[in-house]
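**Student:** The sequence and its predicted three-dimensional model are supplied below.
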Amino acid sequence: MRKAFISPSKYVQGEDELLNLGYFVKTFGKSALLIAHADDVKRVQDKLDATVAKFKITLVASNFGGECSREEVARLTEVAKQNKCACTIGLGGGKAIDTAKCVAKGSNLIIVPTIAATDAPTSHSAVLYRPGGAFDDYAYFKANPSVVLIDTTIIAKAPTRFLVSGMGDALSTYFEARATQESYSNVNAGLPCGYREGFAGPAKGTKTAMALATLCYETLLAQGVKAKAACDNNVVTPALEEIIEANILLSGLGFESGGLAAAHAIHDGLTVLEGTHKMFHGEKVAFGTLVQLVLENAAQEEIDEVVDFCLSVGLPVCLEDIGVESITDEELMAVAEKSCIPEESIHSMPFPVTAKQVAAAILVADKLGSEAKGCCCC
């Protein structure tokens with residue numbers, strides 16, 4: 001059996017760690033293309049100025065347009081070429097990070113998240129959009145980021161909702177990896193990375209990935225409430241540090257080398273409902289995780305544990321929580337059918353899944369969550 005595990009070359013996390021950005025730039029050369037939204041640059045300008053002065057590097061401004069599109073990637077690739085940039089930095093949220101991945105194409109890439117809202121920073125993949133914001137395609141690269149640099153003081157000062165959303169994304173990691181392992185399904189770590197020549201074929205997950213996914217879940221349960229309180233107060237504590245690591249590193253390695261299953265597929269299905277568009281990725285994934293547990297007929301104790309955790313940190317547990325105050329039978333089936341299209345990860349579940357089963361699981365998960373929080377969302 002062929003197995004695969006992939007990861008960034010280096011992961012560094014700590015208070016004021018952005019001050020060391022110049023050190024990592026110098027491992028590649030003297031200049032870097034900085035891909036970041038103007039607002040994110042403004043938030044950390046003093047630290048950027050300090051690291052430039054200390055390590056005598058040049059950060060080339062990108063004037064990032066805000067969308068990870070083919071057009072923007074082509075423009076920034078030319079900017080990097082003209083300025084002879086030795087490496088690429090993606091600083092900020094998901095769009096800037098993904099754009100940096102596309103420009104770097106798997107080489108000399110430094111990722112600097114300013115929020116801990118998803119597990120994307122460590123991965124070798126990106127999502128491309130059209131200039132208007134519509135989904136375009138997924139991109140995979142020959143390697144994960146060279147460096148993932150986490151400044152915990154910056155993340156502590158970001159709105160708490162981002163951190164909680166990251167916990168929602170991380171919540172699914174263990175359950176999806178478990179399902180993928182039980183079904184012997186392939187994982188993202190075995191993808192051809194866009195280079196099909198010499199590709200050795202798909203791969204299964206490793207015990208290492210499963211162990212990391214398990215630790216991710218255990219960390220959420222143990223530290224989630226305390227980390228949220230720290231972020232509410234914009235301070236760094238050991239609990240916050242552990243949750244940042246869980247949201248970004250443990251979940252990132254867990255999903256990419258452990259596998260995705262129903263939770264993320266149901267997230268994708270939920271996007272057909274307009275009410276969900278204002279919700280963050282991890283918030284919808286959290287509800288998708290509860291739906292997956294219903295779909296696989298998990299033990300009631302396990303479902304209760306997940307619901308209790310979600311309620312304790314403020315994650316959604318019912319449709320109303322993700323902006324869906326009512327749903328018709330037609331809308332429910334549209335969500336279920338999109339969740340079950342052939343290319344979706346729901347087919348990594350250890351049993352065949354139909355749209356009818358998903359629709360039923362959504363209604364049951366909604367009822368269980370609603371009852372747990374003492375409301376009725378149907």
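**Tutor:** Sure, I can see it. Residues are numbered from 1 along each chain as shown.

**Student:** For the host helix or strand of Q357, which residues meet the burial criterion?
**Tutor:** Q357 is part of helix 355-373 when elements are defined by DSSP states H and E. Of the residues in helix 355-373, those with enough neighbours to count as buried (16 or more other C-beta atoms under 10 Å) are 355, 357-370, 372-373. In this view, the C-beta of every residue, glycine as well, is placed from N, C-alpha and C.

**Student:** Please list the outside residues in contact with it.
**Tutor:** Contacts of helix 355-373 from elsewhere in the structure, counted by C-beta atoms under 8 Å, 6 or more residues apart in numbering, are 262, 266, 269, 287, 290-295, 303-304, 307-308, 310-311, 316-321, 332-333, 335-337, 339-340, 346, 376-378.

**Student:** Give me the buried entries from those.
**Tutor:** A residue is treated as buried here by neighbour count (16+ other C-beta under 10 Å); on that basis the buried members of the contacts of helix 355-373 are 262, 266, 269, 287, 290-295, 303, 307, 310, 316-321, 332, 335-337, 339-340, 346, 377.

**Student:** Quick check: can you list the domain ranges of the chain?
**Tutor:** Listed domain ranges for the chain are 10-156, 163-373 (source: automatic domain parsing).

**Student:** what's the first-to-last distance across the shortest one?
**Tutor:** When you say that, I think you mean domain 10-156. One end of domain 10-156 sits 22 Å from the other (C-alpha to C-alpha, to the nearest Å).

**Student:** isn't there a helix covering V285?
**Tutor:** Yes: assessed with DSSP: H, G, I helix; E, B strand; the rest coil, V285 lies in a helix.

**Student:** In terms of pLDDT, where does it sit?
**Tutor:** pLDDT, the model's per-residue confidence, is 97 for V285.

**Student:** Spit out the contact partners of it.
**Tutor:** Applying C-beta under 8 Å, 6+ apart, we find V285 in contact with G168, D169, L171, S172, A263, H264, H267.

**Student:** mind running it again at 10 Å?
**Tutor:** Taking C-beta atoms under 10 Å, 6 or more residues apart in numbering as the definition of contact, the neighbours of V285 are 118-119, 165, 167-173, 176, 263-264, 266-268, 270, 279, 292, 315-316.

**Student:** Name the strands paired with the host helix or strand of V60 and say parallel or antiparallel.
**Tutor:** Under the assignment given by DSSP H and E, the secondary-structure element containing V60 is strand 58-61. Its sheet considered, strand 58-61 pairs with strand 31-35 (parallel) by DSSP bridges.

**Student:** The partner strand: what's the following helix or strand?
**Tutor:** Next helix or strand after strand 31-35 toward the C-terminus (DSSP H and E): helix 38-43.

**Student:** just checking, what packs against that following helix?
**Tutor:** For helix 38-43, the elements it packs on are strand 58-61, strand 87-92, judged by 3 or more C-beta pairs under 10 Å, 6 or more residues apart in numbering; DSSP states H and E.

**Student:** so which of those gets nearest A213?
**Tutor:** When those are ranked by proximity to A213, the top entry is strand 87-92, at 24.7 Å, counting by C-beta to C-beta.

**Student:** so where's this structure uncertain?
**Tutor:** By pLDDT under 70, the low-scoring segments of the chain are 192-200, 375-378.

**Student:** and the helix ranked longest in it, how far from the chain's centre?
**Tutor:** Using DSSP state H, we find that the single longest helix of the chain is helix 207-232. Average the C-alpha atoms of helix 207-232, do the same for its chain, and the two points are 14 Å apart (C-alpha atoms, centre = their mean, to the nearest Å).
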